[in-house]
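Student: model the structure of this input:
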Amino acid sequence: MSETYEMTPVEKYDFIRKNKKTISFDGYYNHVHIDSAARTITINVDDDYEFIEEGNEYKRLKNFDSPEQRLIDAIFRPHLIDDDGKRIGTPENEDDYRFFPIVSHKDITKKFNGDYVYRDVFHLNAHYGENNRTLFNPFAGLLITFPIGEGLLDFCFSLFGASPEDLLNGAMENLEYNNISKEITTPKARNKDELRDLECEYMRRSIVALDPYMYRSLYSAIFPPELEEISETSLKYYIFYLNELKREMRNRLKFVFDDAFYPEELSGLRAHERFALYAQKYGVPRSFRREESFWITSRMDKTSLKCSRLPMDVILKKLHSNVTSKEQSPLEKEMELAPGKVGVYHSVPLFMSVSYKCCTIHDMLELEFTKMLEYDIKLHRCKNCGRYFIVKGNYNAEYCDRIREGNTQTCQQIAAQKKYEEKLRDDKAVGVFRKYYKRYYARKTAGTIKPDKFRLWNYQACEKRDMCQSGEISLNEFEEWLDGSFKNRSSI
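Tutor: Here you go, the predicted structure:
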């Protein structure tokens, strides 16, 4: 009788994250930029699978030859400048327009539908402005910036509790509502172009089918899976995958960052030392491979390295320099370059950019987690909502500044209000004051105390209350003064 093989912790860890026959977790290729000084993450979300609807794909931009437009072309649309630094497609007359594809992300945050999320910390920017373009995934093409740690927290406290049956029913309804076939129309690809079309069809069907389930967290929204078949089996894998990642990361947060977790033994260890202990205990890897890219670009945005950014006046000065020449310079002659080639680099600003390529949710979670270790990000557990939050300055902070679903105040505001109310309940001077205030206010309403007399009394009573609280007069003295304030009811 053969024994059933039991996977080791590392094998199980890897198996959960591997693509399965009916589902691939690495559908998108997002580029992640880290700003070490600001301790922020910027994700350039892949838009490779999107398409532009006919008749709604372009926006006309006037004043193409203006300095402002040239600045936009050089920095944000580098593909419009040729090797000699000349703009491509310059209009012959003022009545012509230049057409640029641009992306629309209006009301993007309405897509989020998680139970308890930190949406206000995610800053979303489109590369090319705004339009009404229709996207399968409205996050495609966005630059999303947020503090290191917030993406992981958002994922860990989002709900992925749907059953495979319910998710399958919803997926079929979404496909039918959007008039998308439930079956792939091109079962096999004969060349690269057909393979590309097939991949796009799989991804678009997957995104539509999983709407709005995948928008329960930021990472599930911008790292959608590719479902080769929309079935209970593939959706079961997807739900299992999300919940296992969530479970693993929540366990790490508690063991590595929670200062209330066995403080007598762990408080002397730094976060990465605590994680080393955790990894040894639970058999998870403590080394991760990443794919890093470096490039020089004429685009300056949130993804460019801070050391290469330039003030706007310097950029404008470069763009207006016009140092091109019809004659070769000594360097151009030596290097056999075209006349004016060196001058292009004086008139077009260039910037450096470094990014990590992340294709899956678990890639992104591991990257962010290790950056939290690297930059010594501090977490505390909120004493009001019980969720972890990033400590920004006050290391003694006990409450987060988030608004939990169903509330209108942050946990900090709720805690301050509770403390204030407790103080009022415990303060006997305030209690005595309230008793006489209600008594005399009722008499003022009935007309036995004139309003101006009541206002004067209220001012004096507040002064006496403060004196009682500071110990200048006793509680008995304060109450005697209150009781004797209005003796003759009929004459007041």
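
Student: which residue, other than its chain neighbours, is closest to the residue positioned nearest the centre of the chain?
Tutor: Central residue of the chain (Cα atoms, centre = their mean): F122, 2.9 Å from the mean position. If the residues on either side of it in the chain are set aside, F122 comes closest to F146, at 4.9 Å by Cβ to Cβ, 6 or more residues apart in numbering. For every residue, glycine as well, the C-beta is placed using N, CA and C.

Student: wait, the one you found sits on I41?
Tutor: Yes. Between F146 and I41 there is a contact at 6.0 Å, judged by Cβ atoms under 8 Å.

Student: circling back to that earlier point, for the residue nearest to F122, what are its contacts?
Tutor: 40-41, 121-123 (Cβ atoms under 8 Å, 6 or more residues apart in numbering).

Student: nearest to F139 among these?
Tutor: Nearest to F139 among these is F122, at 10.2 Å by Cβ to Cβ.

Student: how near is that closest one to R443?
Tutor: 56 Å (Cβ to Cβ, to the nearest Å).

Student: what's the answer for Y238, then?
Tutor: In terms of Cβ to Cβ, Y238 sits 69 Å off from R443.

Student: coming back round to it: what's near enough to touch the residue nearest to the centre of the chain?
Tutor: Shown in contact with F122 (Cβ under 8 Å, 6+ apart): 109, 144-146, 150, 154, 218.

Student: remind me which residues of the stretch 151-300 of the chain are low pLDDT?
Tutor: Applying pLDDT under 70 to the stretch 151-300 of the chain flags residues 185-187.

Student: strands of that one, start to end?
Tutor: Remark: strands assigned in the stretch 151-300 of the chain by DSSP state E, counting those that start in this stretch are 226-227, 292-297.

Student: next one: the shortest one to chain centre, how far?
Tutor: Okay, so that is strand 226-227. Taking the mean of its C-alpha atoms, strand 226-227 sits 24 Å from the chain's own mean (Cα atoms, centre = their mean, to the nearest Å).

Student: and the residue nearest to L277 when sequence neighbours are not counted, its phi and psi?
Tutor: Leaving aside its chain neighbours, L277 sits nearest to L269 (7.4 Å; criterion: Cβ to Cβ, 6+ apart). Main-chain dihedrals, L269, degrees, to the nearest 10: phi -100, psi 140.

Student: picking that back up, tell me the pLDDT at the residue nearest to the centre of the chain?
Tutor: Model confidence at F122, given as pLDDT, is 81.

Student: for the contacts of F122, pick the one with the most neighbours.
Tutor: Within these, neighbour counts (other Cβ atoms under 10 Å) peak at L218, which reaches 28 neighbours.

Student: in three-state terms, how would the closest residue to H123 other than its chain neighbours be classified?
Tutor: What sits nearest to H123 in space, not counting adjacent residues and going by Cβ to Cβ, 6+ apart, is T145, at 4.6 Å. Assigned with DSSP: H, G, I helix; E, B strand; the rest coil, T145 falls in the strand class.

Student: for T145, which residues make a bridge with it?
Tutor: T42, H123 (DSSP bridges).

Student: mind listing what it touches?
Tutor: Neighbouring residues of T145 by Cβ under 8 Å, 6+ apart: 40-43, 122-123, 125, 302.

Student: please pick the buried ones from those residues.
Tutor: 40-43, 122, 302 (16 or more other Cβ atoms under 10 Å).

Student: least confident of these?
Tutor: Minimum pLDDT across the buried ones among the contacts of T145 is recorded for K302, with 76.

Student: and K318, how many neighbours does it have?
Tutor: K318: 18 surrounding residues under other Cβ under 10 Å.

Student: same check, this time on F223
Tutor: Neighbours around F223, by other Cβ under 10 Å: 27.
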